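the sequence and its predicted three-dimensional model are supplied below.
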Protein chains: 2
Amino acid sequence: MRKWEVVDVLRHYRHDWLNKLQLIKGNLDIGRIEKVEGLIQEVIQQSKNESDLSNLNSQKLAERLLTFNWEEHPYVLFYEILTEDKNWGPIESRVMGILNHIFLLFDSHAKYGYDNQLIVILKDVDGAELELDYHGQLLLNDNWHSDLENFQKQYANVIRKIEWDENGLFLNIHF
Amino acid sequence: MRKWEVVDVLRHYRHDWLNKLQLIKGNLDIGRIEKVEGLIQEVIQQSKNESDLSNLNSQKLAERLLTFNWEEHPYVLFYEILTEDKNWGPIESRVMGILNHIFLLFDSHAKYGYDNQLIVILKDVDGAELELDYHGQLLLNDNWHSDLENFQKQYANVIRKIEWDENGLFLNIHF
């Protein structure tokens, strides 16, 4: 996990925002006002999601997810925050432990060059819950099977559901 | 000088961007397309300025200026980067020293509740140069005179020009 410099954090985040603004500008230039309005709404929604993530009393977890796509990974991370309680502090290190394990798993087994996506959902509507949904190409060699077995053994007490094939993986965890 | 957490940096910067986007959205909603285009152009220009500041090989200086307005000060900071050489590394600590001195001076003497602005210009077209332009209300008590005298004495060898009255201060420094 990288130790971030403020200037680099701002550089990456500025780049992300400029991309969104260019998309808005491009559609404005050709008069697609409705599309522009939709894009602005999307950006506001995404910011709300980032803001919710930042307000879980779990700075390290938030930093990890907010900066993840600025590192090199064979998949893109998306996340969604569906929380009411908003205090993930007490379980933060456990959530981080499981997430880092999963990130390593997909770093090893997601196939480079494909449009791979990992969606992470944090919920606490009915107890704290972590949902992971990977869509994309997976390299299903012997290591995959042993890595996954290890993962399942290590977190057997919290895994509620796990399903996978060569095109994806779904995982549900209750803390 | 504050030690920034990544999550807080992103929180502030996101807030700044959302403000700009809300302004764009507001003008779009009432059909002022030309105004929207102008605002987008401004944001792109401002981002270019931030990016230039971040590429001076002076991370600490860039961090100081980029995060300054997120701290509490009785004036707003603006900066402009007019550089060709782009390597301010060798003089970074001297520039930081002078800037921090000036920031403290205005922290003490800018009057709260007024629309005070401090503009910092970094130039290296004809040698490295720092230009400061303060517009706003100043508290010209005895301390001001002695503080300014100290400042002028300490940096006598680099100050090329200094002018001030109760509504502002102009300062030019050559390194």
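Noted; the coordinates are in hand.

going forward, measure contacts between C-alpha atoms and count neighbours the same way
OK.

show me the shaky parts of chain A.
Along chain A, the model assigns pLDDT under 70 to no residue.

near chain B, which residues of it show up?
Those residues of chain A that sit near chain B, judged by C-alpha under 8 Å from any C-alpha of the partner chain, are A:4, A:6-7, A:9-11, A:13-14, A:17-18, A:21, A:25, A:37, A:40, A:44, A:47, A:51, A:54, A:59, A:62-63.

and the buried ones among those residues, selectable in PyMOL?
Only the buried entries of the residues of chain A next to chain B go into this PyMOL selection, using 16 or more other C-alpha atoms under 10 Å in any protein chain shown:
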select buried, chain A and resi 6+7+9+10+11+13+14+17+18+21+25+37+40+47+51+54+59+62+63
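
who are the packing partners of the top helix by length along chain A?
Selection of the longest helix in chain A by residue count, based on DSSP state H, yields helix A:6-29. On a contact count with 3 or more C-alpha pairs under 8 Å, 6 or more residues apart in numbering or on different chains; DSSP states H and E, helix A:6-29 meets helix A:33-54, helix B:6-29, helix B:33-54, helix B:59-67.

just the CA trace of the last one, in PDB.
As requested, C-alpha coordinates have been extracted for helix B:59-67 and formatted as PDB (Å, rounded to 0.1, in the frame of the first residue of the first chain):
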ATOM      1  CA  GLN B  59       6.500  19.300  -3.500                       C
ATOM      2  CA  LYS B  60       6.400  21.100  -0.100                       C
ATOM      3  CA  LEU B  61       6.000  24.500  -1.700                       C
ATOM      4  CA  ALA B  62       3.200  23.200  -4.000                       C
ATOM      5  CA  GLU B  63       1.500  21.500  -1.000                       C
ATOM      6  CA  ARG B  64       1.600  24.700   1.000                       C
ATOM      7  CA  LEU B  65       0.000  26.800  -1.700                       C
ATOM      8  CA  LEU B  66      -2.500  24.100  -2.900                       C
ATOM      9  CA  THR B  67      -3.900  23.600   0.700                       C
END
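
now tell me what touches whatever helix or strand comes next after that helix from outside.
Per DSSP states H and E, the first helix or strand lying C-terminal to helix B:59-67 is strand B:76-82. Residues lying outside strand B:76-82 but in contact with it, judged by C-alpha atoms under 8 Å, 6 or more residues apart in numbering or on different chains, are B:49, B:52-53, B:65, B:68-69, B:116-125.

ditto for stretch A:160-175
Against stretch A:160-175 from outside (C-alpha under 8 Å, 6+ apart): A:91, A:127-140, A:158-159.

which parts of that stretch are buried?
A:168, A:169, A:170, A:171, A:172, A:173, A:174.

and that stretch, how far apart are its ends?
Stretch A:160-175 has an end-to-end distance of 10 Å (C-alpha to C-alpha, to the nearest Å).

chain center to that stretch: distance?
15 Å (C-alpha atoms, centre = their mean, to the nearest Å).

before we move on, what about stretch A:13-33?
Distance, stretch centre to chain centre, for stretch A:13-33: 23 Å (C-alpha atoms, centre = their mean).

work out the gap between the longest helix of chain A and the centre of the chain.
Relative to its chain's centre, helix A:6-29 lies at 20 Å (C-alpha atoms, centre = their mean).

next: stretch A:49-56.
Centre-to-centre, stretch A:49-56 and its host chain are 13 Å apart (C-alpha atoms, centre = their mean).

and what of stretch A:125-139?
9 Å.

compute the first-to-last residue distance for it.
34 Å.

list the buried ones in that stretch?
A:128, A:129, A:130, A:131, A:132, A:133, A:134, A:135, A:136, A:137, A:138.

quick one: which two of these are the most distant?
A:128 and A:137 (29.0 Å; C-alpha to C-alpha).

who touches the longest helix of chain A?
With contacts defined as C-alpha under 8 Å, 6+ apart, helix A:6-29 is touched by A:33, A:35-36, A:39-40, A:43, A:67, A:70, B:4, B:6, B:9-10, B:13, B:17, B:37, B:40, B:44, B:47, B:51, B:54, B:59, B:62-63.

the inter-axis angle of it versus helix B:6-29?
20 degrees (axes from the mean of the first three to the mean of the last three C-alpha atoms, to 10 degrees).

got the angle between helix A:6-29 and helix A:59-67?
Using the same axes, to 10 degrees: helix A:6-29 against helix A:59-67 is 40 degrees.
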